[in-house]
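Enquirer: Need the 3D shape of this:
(chains A and B)
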Amino acid sequence: MSKAFIIAKREYAAAVRTKGFLISLILLPLFMGGGLVVFSLMKDKIDISEKKIAVIDHTGIFSEQLVTAAENHNQNNIKNEEGEKIAPAYSFEIIKADTTNPHQQKLELSRRVRAKEIHAFMQIGSDVVHPTYGEENSNIYYYAENSALDNVRRWVNNIINGKIREARILELNLDKEQVQDLFYWVNVEGMGLLSIDSKTGQVKDAKKTNELETIMVPYILILLMFMMLMMSAIPLLSAVMEEKSERIAEVLLGSVTPTQFMVGKILGSVGVSLTTSVIYIAGAIFTLQSMDFGNLIPYDVLPWFFIFMFLNIIMVGSLMAALGSACNDSKDVQAIQFPAMLPIIVPLIVMMPIILNPLSSFATGMSLFPVWTPMLMVLRQATSVTIPVWQLYVGLLGVLLFTAFSVWAGARIFRSAIIMQGKRPKIGTLLRYIFKG
Amino acid sequence: MNIISLENISKTFGSHLAVNNLTLTVPKGSIYGFIGPNGSGKTTTIRMIMNILYPDNGKVRIFGKEQTGSRLDQVGYLPEERGLYKKMKVKKLIQFYGELKNVVNPGNVADEWLKKFDLTPWANKKVEALSKGMSQKVQFIITVINRPGVVILDEPFSGLDPVNADIIKEEILKLQDEGSTIIFSTHDMAVAEMMCDYIFMINKGEKVLDGTLQSIKDQFGKDTIKIQLNGSKHVLKDIPNIDKVNDFGQVQEIRMLPDSDPQEILSAIISKTKVTKFEITSPSLNDIFIRIARPEKNQNHE
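Expert: Numbers count the residues shown, from 1 in each chain, chains lettered A, B, ... in the order given. I've put the predicted structure just below:
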């Protein structure tokens, strides 16, 4: 097997020393984290110009309250501790309702919005305190150029509903303090389960769960494994085809057996993906810890991640190398690449239902199917639920057996196909290579 | 002692019988030439010796044992169609193949070979920068880097200029002196005739010739006349008892009909033109090759 290692060493060096590898090493996290970076950059670039809203208040009671709320907001919320402006100031222009020609009035206000004289205008129906469902007068309308996504609308929505409730409660002759109690919202906090620390024997308190951790951690791990497959196992398809079509394969077969040749190429790919993933994971751990998000790192899942990734790349890599050996040119590769990749894409498609319900029979069944076990078992483990330990080991056993089968079958196809020029890869031929050699 | 023995090996691709029931033994220290028309089964035979293709029937033995991967180190193989990693540096590439062949200190050995083939200035250049001839030399180096006991070369001289062909030829002979057994296939009958101790010819998957050059020529007897004329060679058309004339321009090779008398042929020619050279000889390997490979076309005078 030392010859396989010599080939693996060459493959590894050839892959790692290219500019393409360095560029993809840097670009991948940039693309993955790109959205977050853009979001955090853009977050500070929000529009902080003053927003003036015209109000036609048919109740006659809320317009003044809106003016007061805006003054409060402008005083307390628009500047940070350093005195920098971080949010827009709001102001209201109270307009008397035109009862004779309301449409004309609103048309004129629309013109003013378009002319940027005001940001928006709103109409508060006369019956909003005691509304009747479906009645025009029981509604509040907010007119703006982008009203659906308008932050001011959301702010006004909260303020005015608070005020409407207050108005209703005042009619019940309750104290304002009591009103505050009345509307105190008690959230149901999501918690993990308590466990016993294996080192100290002490009871470990449950961790507070959050959506970010529950979704992002499994999402990132599965995506990382997928990327590693895309970077190392999938390219074997075209790499082997090229060595075949450039007649390098037969020269090598003068020195090594086909199995050594194939295993060497796969081990080289495993090396490349281990290097890359170690760099990414170490980088992620360092970044998260320096940002005080160390508790997000699933240390207990990481060893499984590497075991499953290692086996996954051997499993997929040997099939890709075998298929590559059956291809004669890039057209053959193109024709075969997508169907060959489908089984790898499946875990990405079923990822969300499994994250949401990691213990369902669907999740369990899918994650015990050897081709999908590496990605889906890690995905389930990275969620906050506890996966039964037997499932991990049954999954691992399945993957080990299937990996051994892939290498065996791959080597048999590879051995027969690598020097066959001019024959298009057909499923029947490949199966014949597996069973008849 | 036989280094390689093929016992009744056959290989079929689909419905095409590439090699049929072939038996062949290669004595230690010999140079064995494999000849045959394109598609006759030479490369398939060589691939079966190399264990790259498995025979459907029969056995291949190298060093007296059935071929397995572990014996590859003692066999150097230069395939007919050969490629190199284009992006690798020349010395690194030779070193890589040296490591695969378990060469001790492959870096130094690579340097020695590069020097021997005048490639030292190219050691740190990428393979893609080499000319075709230089690549061929590098391919030859990686085949014989560990001075293997058996060297199998499929068309080693194709595409080489006479200077480079001569360098390779000298190295092949040197390997033979050191005790290696050489098998090479070629379409150049002159090279085969001059270099090979034994010739094996395969045609349509069947062994048609096997033995020393002399024994092969003896099979065909002295039915050939080499002649040089001072006048028009067209006179040969009308001479009786001539089976075929192979015209080389300055010299003509005449194949006599069986049981013909060369003296009668000579007299008939002299009566029509002046003869400057006349030699009764065995057919050349080239002629034997053509007789076997194109028997139906040899009936007509050319």
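Enquirer: tell me the contacts of the residue of chain A found nearest chain B?
Expert: Of chain A, the residue with the smallest distance to chain B, taken as C-beta to the nearest C-beta, is A:G254 at 3.2 Å. (Each C-beta comes from the backbone N, C-alpha and C, glycine too.) Contacts here follow C-beta atoms under 8 Å, 6 or more residues apart in numbering or on different chains; on that basis A:G254 touches B:50, B:72, B:75-79, B:143.
Enquirer: Kindly indicate whether the one residue in the stretch 1-150 of chain B that gets nearest to chain A is helix, strand or coil.
Expert: As assessed by C-beta to the nearest C-beta, chain A sits closest to B:Y77 within the stretch 1-150 of chain B, at 3.2 Å. In the three-state summary, B:Y77 is assigned as strand, counting by DSSP: H, G, I helix; E, B strand; the rest coil.
Enquirer: Looking at per-residue confidence, what score does it get?
Expert: The predicted structure scores B:Y77 at 92 on the pLDDT scale.
Enquirer: cool, A:L41 as well?
Expert: Taken from the predicted model, the pLDDT recorded for A:L41 is 65.
Enquirer: can you check the one 3 residues further on too?
Expert: On pLDDT, A:D44 comes in at 59.
Enquirer: now swap in A:K331 and tell me
Expert: On the pLDDT scale, A:K331 gets 88.
Enquirer: again with B:L100
Expert: Each residue has a pLDDT score; the one for B:L100 is 92.
Enquirer: can you check A:V38 too?
Expert: The model reports A:V38 with a pLDDT of 66.
Enquirer: for the one 10 residues further on, same thing?
Expert: A:I48 carries a pLDDT score of 81 in this model.
Enquirer: In a helix, it, correct?
Expert: No - when the secondary structure is assigned by three-state DSSP, A:I48 falls in coil instead of a helix.
Enquirer: domains for chain A, by residue range?
Expert: Following automatic domain parsing, one finds the domains of chain A at A:2-35+A:209-436, A:51-182.
Enquirer: same question for the last one, mean pLDDT?
Expert: So that's domain A:51-182. Mean predicted confidence for domain A:51-182 is 87.
Enquirer: Pull up the distance across it, start to finish.
Expert: Distances were taken as C-alpha to C-alpha, to the nearest Å; on that basis the terminal residues of domain A:51-182 are 32 Å apart.
Enquirer: Equivalent analysis for the first one, please.
Expert: Looking at domain A:2-35+A:209-436, the gap from its leading to its trailing residue is 28 Å under the measure C-alpha to C-alpha.
Enquirer: what's the offset of it from the middle of its chain?
Expert: Offset of domain A:2-35+A:209-436 from its chain centre (C-alpha atoms, centre = their mean, to the nearest Å): 20 Å.
Enquirer: Stretch B:105-121 too?
Expert: If you compare the mean C-alpha spot of stretch B:105-121 with that of the full chain, they lie 27 Å apart, counting by C-alpha atoms, centre = their mean.
Enquirer: coming back round to it: can you tell me which of the domains of chain A is most buried?
Expert: domain A:2-35+A:209-436 (a mean of 18; mean count of other C-beta atoms under 10 Å in any protein chain shown).
Enquirer: Partner strands of the worst-scoring helix or strand of chain B on mean pLDDT and their direction?
Expert: Evaluated with mean pLDDT, DSSP states H and E, the helix-and-strand set of chain B has its lowest mean pLDDT in strand B:65-66, which scores a mean of 80. Under the criterion DSSP bridges, strand B:65-66 sits next to strand B:57-62 (antiparallel) in its sheet.
Enquirer: for chain B, what are the nearby residues on the stretch 151-300 of chain A?
Expert: Proximity of the stretch 151-300 of chain A to chain B is assessed by C-beta under 8 Å from any C-beta of the partner chain, with A:243, A:246-248, A:250-260 identified as the residues in range.
Enquirer: 7 Å instead, please
Expert: Within the stretch 151-300 of chain A, the positions near chain B by C-beta under 7 Å from any C-beta of the partner chain are A:246-248, A:250-251, A:253-257.
Enquirer: Next, check the residues you listed against the helices and list the overlap.
Expert: Among those, the residues falling in helices (DSSP state H) are A:248, A:250-251, A:253.
Enquirer: And the helix or strand containing B:T143, what does it pack against?
Expert: According to DSSP states H and E, B:T143 maps onto helix B:132-144. When contacts are defined as 3 or more C-beta pairs under 7 Å, 6 or more residues apart in numbering or on different chains; DSSP states H and E, helix B:132-144 sits against strand B:75-78, helix B:90-100, strand B:150-154, helix B:162-177.
Enquirer: can I get those in TSV with mean neighbour count?
Expert: Shown next, in TSV, are the helices and strands packed on helix B:132-144 (neighbours: other C-beta atoms under 10 Å in any protein chain shown):
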stretch	mean neighbour count
strand B:75-78	25
helix B:90-100	23
strand B:150-154	24
helix B:162-177	15
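Enquirer: what does the model give B:K297 for pLDDT?
Expert: On pLDDT, B:K297 comes in at 49.
Enquirer: quick one, what contacts the residue lying closest to A:Q381 once chain neighbours are set aside?
Expert: By the measure of C-beta to C-beta, 6 or more residues apart in numbering or on different chains, the closest residue to A:Q381 outside its immediate chain neighbours is A:V301, 4.7 Å from it. A:V301 makes contact with A:221, A:378, A:381-382 under the criterion C-beta atoms under 7 Å, 6 or more residues apart in numbering or on different chains.
Enquirer: Thank you kindly, that will do.
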